[in-house]
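Participant: Pasted the sequence and its predicted model underneath.
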Amino acid sequence: MTTTARLLADEPRREARRLERVAPFLAMDVLAEATAKERQGGDVVHMEVGQPSAPAPRPAREAARAALELGRIGYTEALGLAALRERIARHYRETYGVAVGPERIVVTTGSSAGFVLAFLALFDRGARIAIAEPGYPAYRNILAGLDLEAVGVPLRERDGWRLSAEAVEAATAGGPIAGVLAMSPANPSGTMIDGAGLAALADWCRARGAWLVSDEIYHGLTYDAPAETALVSDPEAIVVNSFSKYYCMTGWRIGWLVVPERLVRPIERLAQNFYISPPYLSQVAAVAAFEAREELEAVKEGYTRARDVLLTELPRLGLDRIHPADGAFYLYADVARFTNDSLGFCRRMLAETGVAATPGLDFDPHEGAHHLRLSFAGGEEACCEAVRRLRPWLAGARR
């Protein structure tokens, strides 16, 4: 071996630098710690992850079982089964009064794959995308992994903790914005943007040639008024949705996009090469899930009762600064009177009470140090037990 060859052979292999920009998903880290505690015999109240405690609806399970009995589970078209795309299009007509042709529907492997496909189709490397702070942490990390720049837009109390066009405009001070990513109802708070707010964001995007991407994964899970789709305000908005939350199908990994017709073929090319197709059984189940409305509304009633417990009891425990919880199954609470280290606070809370929650740092790298998110997807009984455990612990935890 020559000296040059020997030196090359000793050269360390280096991972991609983009990995340094992708932060951990703290909710999943907390889940791992909680699961480890349970393996050691501990009793945990899970309020850290946004996962319905109910199973997939019966029609979905029965449809999947029947398809499985046929034996062959193969690929589908990259854009998804025609029957599912048609049923999703019908959903927009029936639920929102919006005409969306099935040819504009792209079925995806969960909403996560939908975001990857949408971001790749819409934005060139280095583009700046406005996201809310606090907001869903995977937005920032997916964008970083794709060499795009997430521009945090701090939510303000005077806006009702809702993303506003005025706040997005302020974010242009650092450079042009290529897209705005809105979520309503929001994670981590459940706060909704009303029709006027969505229209203002849509107008802002049109005026500046920016894309409006609307995450509507928690539609169906609202408590006082229904959510409005961004398609009402902008027919060219990119809508991301999923069967994970309202339809209780997290592990089935099935979601969808609504996109302008001119983007269908480019996104299809990406999907063909990245994923081949969404999972067949999940698509069959998803078609049937639309017929389970009565069952799913009963599940939502359980969330309503759980939400009522927390909104009544948490202020009595000192957690009285909570963002408006219009939908989803989360409360985002200010814990500044107890700590300025939400990560350490949540770890102590898990260790000492068995209540697992997600630190606000997952959702907001700046103000999240004194917030936490509590999921009430586990139901009323779990929330009552969490309150019982937290009452004496929080009484002794004030700074």
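Facilitator: Structure's in. What do you need?

Participant: where do the helices sit along the stretch 251-399 of the chain?
Facilitator: For the stretch 251-399 of the chain, the helices defined by DSSP state H, counting those that start in this stretch occupy 261-274, 280-289, 293-313, 342-353, 380-395.

Participant: Output those as JSON lines; include the columns mean neighbour count and distance to Arg104.
Facilitator: The C-beta positions use only the backbone N, C-alpha and C, and glycine is treated the same way. Formatted as JSON lines, these follow (neighbours: other CB atoms under 10 Å; distance: least, CB to CB, whole Å):
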{"stretch": "helix 261-274", "mean neighbour count": "15", "distance to Arg104": "6"}
{"stretch": "helix 280-289", "mean neighbour count": "23", "distance to Arg104": "17"}
{"stretch": "helix 293-313", "mean neighbour count": "16", "distance to Arg104": "24"}
{"stretch": "helix 342-353", "mean neighbour count": "19", "distance to Arg104": "41"}
{"stretch": "helix 380-395", "mean neighbour count": "17", "distance to Arg104": "39"}
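
Participant: Compile the ones you listed into CSV and extend it with columns for mean pLDDT and distance to Asp159.
Facilitator: Shown next, in CSV, are these (pLDDT from 0 to 100; distance: least, CB to CB, whole Å):
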stretch, mean pLDDT, distance to Asp159
helix 261-274, 98, 30
helix 280-289, 98, 35
helix 293-313, 98, 21
helix 342-353, 94, 23
helix 380-395, 96, 28
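
Participant: Can you add distance to Thr222 and give the ones you listed back as a markdown table?
Facilitator: As requested, the helices of the stretch 251-399 of the chain are arranged in a markdown table below (distance: least, CB to CB, whole Å):
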| stretch | distance to Thr222 |
| --- | --- |
| helix 261-274 | 28 |
| helix 280-289 | 18 |
| helix 293-313 | 9 |
| helix 342-353 | 27 |
| helix 380-395 | 18 |
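
Participant: mind checking the SS state of Thr95?
Facilitator: helix (DSSP: H, G, I helix; E, B strand; the rest coil).

Participant: show me the contacts for it.
Facilitator: Residues near Thr95 by CB atoms under 8 Å, 6 or more residues apart in numbering: none.

Participant: any idea how far Val45 is from it?
Facilitator: In this view, Thr95 and Val45 are 34 Å apart by CB to CB, to the nearest Å.

Participant: now Ala351
Facilitator: 13 Å.

Participant: Check Pro176 too.
Facilitator: Counting by CB to CB, the gap from Pro176 to Val45 is 45 Å.

Participant: and what of Asp159?
Facilitator: 33 Å.

Participant: When the two are compared, which one has more neighbours?
Facilitator: Val45 (24 against 16; other CB atoms under 10 Å).

Participant: which residues touch that one?
Facilitator: Gly354, Val355, Ala356, Gly378, Ala382, Glu385, Ala386, Arg389.

Participant: Between those, which sits nearest Val259?
Facilitator: Gly378 (34.4 Å; CB to CB).

Participant: The residue nearest to the closest one when sequence neighbours are not counted: neighbouring residues, count only.
Facilitator: Distances taken as CB to CB, 6 or more residues apart in numbering place Ser53 nearest to Gly378, at 5.0 Å, with adjacent residues excluded. Neighbourhood size, Ser53 [other CB under 10 Å]: 18.

Participant: and what of Gly318?
Facilitator: Counted with other CB under 10 Å, Gly318 comes out at 17.

Participant: try Ala144
Facilitator: Quick note: Ala144 (other CB under 10 Å) scores 17 neighbours.

Participant: Could you do Ala23 as well?
Facilitator: For Ala23, using other CB under 10 Å, the count is 13.

Participant: can you dump the C-alpha coordinates of stretch 22-34 into PDB?
Facilitator: Output of stretch 22-34 as PDB, limited to C-alpha atoms (Å, rounded to 0.1, in the frame of the first residue of the first chain):
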ATOM      1  CA  VAL A  22     -31.800  18.400  13.400                       C
ATOM      2  CA  ALA A  23     -32.700  18.600  17.100                       C
ATOM      3  CA  PRO A  24     -34.200  15.700  19.000                       C
ATOM      4  CA  PHE A  25     -38.000  15.400  19.200                       C
ATOM      5  CA  LEU A  26     -38.300  15.800  23.000                       C
ATOM      6  CA  ALA A  27     -41.800  14.400  23.200                       C
ATOM      7  CA  MET A  28     -40.500  11.100  21.900                       C
ATOM      8  CA  ASP A  29     -37.500  11.300  24.300                       C
ATOM      9  CA  VAL A  30     -39.900  11.800  27.200                       C
ATOM     10  CA  LEU A  31     -42.000   8.900  26.000                       C
ATOM     11  CA  ALA A  32     -38.800   6.700  26.000                       C
ATOM     12  CA  GLU A  33     -38.000   7.800  29.600                       C
ATOM     13  CA  ALA A  34     -41.600   7.100  30.600                       C
END
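
Participant: quick one: buried residues of that stretch?
Facilitator: For stretch 22-34, a neighbour-count test (16 or more other CB atoms under 10 Å) marks Phe25, Leu26, Ala27, Asp29, Val30, Leu31, Glu33, Ala34 as buried.

Participant: Now the first one: closest residue in space, sequence neighbours ignored.
Facilitator: What it means is Phe25. Per CB to CB, 6+ apart, closest to Phe25 is Pro137, 5.8 Å.

Participant: Check the burial of that neighbour by counting its neighbours.
Facilitator: Neighbour number of Pro137 under other CB under 10 Å is 24.

Participant: re the thing from before, from the contacts of Val45, which single one is nearest Arg61?
Facilitator: Gly378 (20.8 Å).
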